[in-house]
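Undergrad: Need coordinates for the below:
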Amino acid sequence: RKENTGWALGSYNASGKVDAINSLNLPKLNQWYHLVINRSNTNLDLYVNGVLIKKITILNAPASYGNSAVVGYLGKRSHFVEDFGNEQEFQGYLDDFCVFDKALSQSEITRLYKNGFNIPLDKTPVRDEKNIFTVSGKVIDAKTKEPLSAKIFFQSEKMTGSVVSNASNGKYKIDLQSGLDYEFNVVQAGFLPFWGSVELKNNNNQDITRNISLQPVKIGDTVTLKNVLFEPSSAELLKESYHELDRLLLTLQLNPVMEILIEGHTDVIGLPEENLILSGERVKGVKKYFVEKGISESRIQTKAFGGNRPLVKFGTDAQRKVNRRVAFVILKK
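TA: Numbering: from 1, shown residues only. Predicted structure coming up:
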């Protein structure tokens, strides 16, 4: 831009404004610059493309400047890092920065520049529409058909996301990365949590609609937790279980008088006595997880069934996998 006269190195002063020092000639258009601010105590340095351009000493740093440093353009108006993205001329541009836990040496900064990124300038938006899909829909009360405000959690093996549906119309919308399959969970006070899935691995460039009906909580309702997993022949929870347990935790927090019974089930293979003991240890481990998160012990009961209530009595190990499960029953709402 013509009004810019150069790069500026600055720091916040006592009034919260930025003091700047003109440091470099007008930058060229369509050219990337590698900028590093290096601060050690009261020394503040500006490196451009690995070369030390400006070095200043800040007096009374804690009182007059605080601990922040900024870099930007200086001209009729100064544009600093906190302004990037808010001005039209910066929309769609990419700012990369890294904060180190020590002041870097000049040789380290030079190596950073030489081994840095080589990103071509692209006039297209930062978001790659080919890799992003929109999942949208409406959340309603299954009984009254009225719209609901509910929190919806999406989780894949690589990323997670969440969105809250609109209270007036129940609508929600979230952008998710393609090439992944997602499990989702919906929670709201007074309603049973809802589980579902969204498949984007083989999606043919189509946005997806998922409408959700939440069932009001009723005493005696049973809900199976889909992804509560344990080490083989052990009561130790796998880390993959935490997301699922945290959803039930949120349900308990949203319904502060709710009381539940946690049921533990195993496969029919193995000694019945050992399966009964194992399922008992597992549900106690699940209860412990909630108690450690602040839920009163009196709100949670446990019961072990071992292999006495299988969903599949015969079949392959993969088919019988559904027998190994944890469920909860609503005792009080």
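
Undergrad: Could you pull out the helices in the stretch 101-250 of the chain for me?
TA: 106-114, 242-254 (DSSP state H, counting those that start in this stretch).

Undergrad: Would you single out the least confident of these?
TA: With a mean of 64, helix 106-114 has the lowest mean pLDDT of those.

Undergrad: Any regions of the stretch 201-333 of the chain where pLDDT drops low?
TA: 203-205 (pLDDT under 70).

Undergrad: for it, what spans make up the strands?
TA: Using DSSP state E, counting those that start in this stretch, the strands of the stretch 201-333 of the chain run over residues 208-209, 212-214, 222-225, 259-265, 300-306, 325-332.

Undergrad: can you list those in CSV and add mean neighbour count and distance to residue 136?
TA: For the C-beta atoms, the positions are set from N, CA and C on the backbone; glycine is no exception. Output for the strands of the stretch 201-333 of the chain, formatted as CSV (neighbours: other Cβ atoms under 10 Å; distance: least, Cβ to Cβ, whole Å):
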stretch, mean neighbour count, distance to residue 136
strand 208-209, 12, 6
strand 212-214, 18, 11
strand 222-225, 16, 25
strand 259-265, 22, 32
strand 300-306, 19, 36
strand 325-332, 18, 30
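
Undergrad: Compare the ones you listed and give me the one nearest residue 178.
TA: Proximity to residue 178 (Cβ to Cβ) singles out strand 208-209 among those, at 10.5 Å.

Undergrad: list the helices and strands the closest one packs on?
TA: Helices and strands touching strand 208-209, by 3 or more Cβ pairs under 8 Å, 6 or more residues apart in numbering; DSSP states H and E, are strand 132-141.

Undergrad: Mind listing what's buried along the strand it packs on?
TA: 133, 135-141 (16 or more other Cβ atoms under 10 Å).

Undergrad: Does residue 143 touch residue 216 like I think?
TA: Yes: using Cβ atoms under 8 Å, residue 143 is in contact with residue 216, at 5.7 Å.

Undergrad: Looking at these two, which one has more neighbours?
TA: Using other Cβ atoms under 10 Å, the more surrounded residue of residue 143 and residue 216 is residue 216, with 14 against 11.

Undergrad: Tabulate the buried residues of strand 132-141 (JSON lines), appending pLDDT and distance to residue 220.
TA: Listed next are the buried residues of strand 132-141 as JSON lines, based on pLDDT from 0 to 100; distance: Cβ to Cβ, whole Å:
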{"residue": "133", "pLDDT": "83", "distance to residue 220": "38"}
{"residue": "135", "pLDDT": "91", "distance to residue 220": "32"}
{"residue": "136", "pLDDT": "94", "distance to residue 220": "34"}
{"residue": "137", "pLDDT": "95", "distance to residue 220": "29"}
{"residue": "138", "pLDDT": "96", "distance to residue 220": "28"}
{"residue": "139", "pLDDT": "96", "distance to residue 220": "24"}
{"residue": "140", "pLDDT": "96", "distance to residue 220": "23"}
{"residue": "141", "pLDDT": "96", "distance to residue 220": "19"}
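
Undergrad: Report the two of these separated the most.
TA: It's 133 and 141 that sit farthest apart of these, by Cβ to Cβ, at 27.5 Å.

Undergrad: what's near enough to touch the nearest residue to residue 304 once chain neighbours are set aside?
TA: Nearest in space to residue 304, with sequence neighbours left out and distances taken as Cβ to Cβ, 6 or more residues apart in numbering, is residue 280 at 3.4 Å. Residues in contact with residue 280 (Cβ atoms under 8 Å, 6 or more residues apart in numbering) are 264, 302, 304.

Undergrad: Equivalent analysis for residue 162, please.
TA: Here residue 162 is in contact with 151-154, 174 (Cβ under 8 Å, 6+ apart).

Undergrad: could I get these as CSV with pLDDT, neighbour count and distance to residue 286?
TA: Output for the contacts of residue 162, formatted as CSV (pLDDT from 0 to 100; neighbours: other Cβ atoms under 10 Å; distance: Cβ to Cβ, whole Å):
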residue, pLDDT, neighbour count, distance to residue 286
151, 91, 17, 22
152, 92, 23, 23
153, 89, 20, 19
154, 89, 20, 23
174, 90, 17, 29
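
Undergrad: Narrow those residues to those in strands?
TA: Under the assignment DSSP state E, the contacts of residue 162 contribute 151-154, 174 to strands.

Undergrad: can you list the domain ranges for the protein.
TA: 4-114, 127-216, 218-333 (automatic domain parsing).

Undergrad: Model confidence at residue 37, what's the number?
TA: 69.

Undergrad: next one: residue 188
TA: 91.

Undergrad: hang on, the earlier thing: take the contacts of residue 162 and lay them out in CSV including distance to residue 254.
TA: Output for these, formatted as CSV (distance: Cβ to Cβ, whole Å):
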residue, distance to residue 254
151, 9
152, 14
153, 13
154, 19
174, 20
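
Undergrad: Return the member of those residues nearest to residue 238.
TA: Nearest to residue 238 among these, with distances taken as Cβ to Cβ, is residue 153, at 18.4 Å.

Undergrad: From residue 160, how far off is the closest one?
TA: Plainly put, residue 153 is 7 Å away from residue 160 if you go by Cβ to Cβ, to the nearest Å.

Undergrad: what's the answer for residue 152, then?
TA: Taken as Cβ to Cβ, the span from residue 152 to residue 160 is 11 Å.
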